[in-house]
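>>> no FASTA, just this:
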Ligand code: ADP
């Protein structure tokens, strides 16, 4: 995961699973989306039908997988998980769809990366719970219709704009997940700390909340590094079994892991450095930027840029990305900013 300042290990993935909220009630923030989902699920329950297909859009780590699990859990429905890159042929999708049980929730992560041929099969499946399977080759090929069990598709994508219109239009509801504010991240962290048995004070949690890129997944990972630090460097006084973390421990741990005051990760910083130093603050076109940092334009646009725009380090103009005065200051280059004396 490129957006992450700390590499994921098996143990961390297990930890992530353990921290996932199991109900909409426990899910922190995203108030609007939560309300919309609640209505959709309740209406379906009242009419005893499968809920409409749901598209979840937003940068990684904001809770898309968690929400898909909640949709299944709240309706007492089984969940099948797959992803766009795993569906490279229509046949891959046919195998999944034809084995769904009635009412099952099918989660397809990174749905914009599914093969074109599978996408077309999905249109019919979503609309009529039916697919056409091609049997044989050449002149003798025939298509055999196959009825499917009714299901709810939950698709996740880093940007809804990457999906072809016919696919986007077949979702009954699209939720746009936003970065979390600091108060919400503190709630996520407080919950995780208590599950970890880590005694962290308010100041410590708020420091992490300000440095996790508005992203719960990163908040939880940083908390784990702080926990490690607290275990190795026990602070004065007793603590809970998982140790005790204060502001000093948080600052020391985050410094060790190279997380700066704004929580920018390596890729964010690389992008900013290019805009500031190689292009004098911009404007720089998206593709030029992507080539310069050796990353896909899609990743820059869907993952890096939304956060940099949100914290006011770059603005998007018709001619490209431009660094703001705050960006020059944050990187200690204010004297080189255009117009600086
Ligand atoms: P995505 O699928 O969007 O990449 P996930 O659903 O996998 O993100 O979430 C990443 C981690 O962040 C999970 O471990 C989950 O526990 C945590 N998380 C995400 N959103 C929330 C939330 N709203 N409240 C509490 N924890 C959350």
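The structure has been received and is ready for your questions. The structure presented is a predicted model; accordingly, all values stated were derived computationally and were not measured.

>>> name the helices or strands packed onto the helix or strand hosting residue 191?
Element membership of residue 191, judged by DSSP states H and E, is helix 182-196. Counting contacts by 3 or more CB pairs under 8 Å, 6 or more residues apart in numbering; DSSP states H and E, the secondary-structure elements packed against helix 182-196 are helix 10-19, strand 199-200, helix 202-209, helix 216-232. C-beta here means a position set from N, CA and C on the backbone, and glycine is covered the same way.

>>> 7 Å - rerun?
In terms of contact count using 3 or more CB pairs under 7 Å, 6 or more residues apart in numbering; DSSP states H and E, helix 182-196 is assigned the packing partners helix 10-19, helix 202-209, helix 216-232.

>>> how about these in TSV, adding mean pLDDT and distance to the ligand?
Formatted as TSV, the helices and strands packed on helix 182-196 follow (pLDDT from 0 to 100; distance: least, CB to the nearest ligand atom, whole Å):
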stretch	mean pLDDT	distance to the ligand
helix 10-19	71	4
helix 202-209	94	12
helix 216-232	90	4
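
>>> Make CSV from these and add mean neighbour count to it.
Below are the helices and strands packed on helix 182-196 laid out as CSV (neighbours: other CB atoms under 10 Å):
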stretch, mean neighbour count
helix 10-19, 13
helix 202-209, 22
helix 216-232, 23
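
>>> Burial check on the closest residue to the ligand within the stretch 1-150 of the chain, number of neighbours?
Among residues of the stretch 1-150 of the chain, the one nearest the ligand by CB to the nearest ligand atom turns out to be residue 63. It sits 2.8 Å away. Applying other CB atoms under 10 Å, we find 26 residues neighbouring residue 63.

>>> Now do the contacts for it.
If you count contacts by CB atoms under 7 Å, 6 or more residues apart in numbering, residue 63 has them with 27, 30, 177, 216.

>>> Make sure the last one is actually in contact with residue 188.
Yes: in terms of CB atoms under 7 Å, residue 216 counts as a neighbour of residue 188; the distance is 4.7 Å.

>>> Could you check the pLDDT of residue 239?
We note a pLDDT of 50 for residue 239 in this prediction.

>>> Mind telling me what element the spatially closest residue to residue 219 that is not a sequence neighbour is part of?
Counting by CB to CB, 6 or more residues apart in numbering, residue 219 lies nearest to residue 212, which is 4.0 Å off, once chain neighbours are set aside. In this structure, residue 212 is located outside every helix and strand according to DSSP H and E.

>>> what sits against residue 212?
Going by CB under 7 Å, 6+ apart, residue 212 touches 185, 218-219, 222, 263.

>>> what does residue 179 give?
Residues in contact with residue 179 (CB under 7 Å, 6+ apart) are 214-215, 307, 310.

>>> filter those residues to the buried ones?
Buried members of those, scored by 16 or more other CB atoms under 10 Å, are 214-215, 307.
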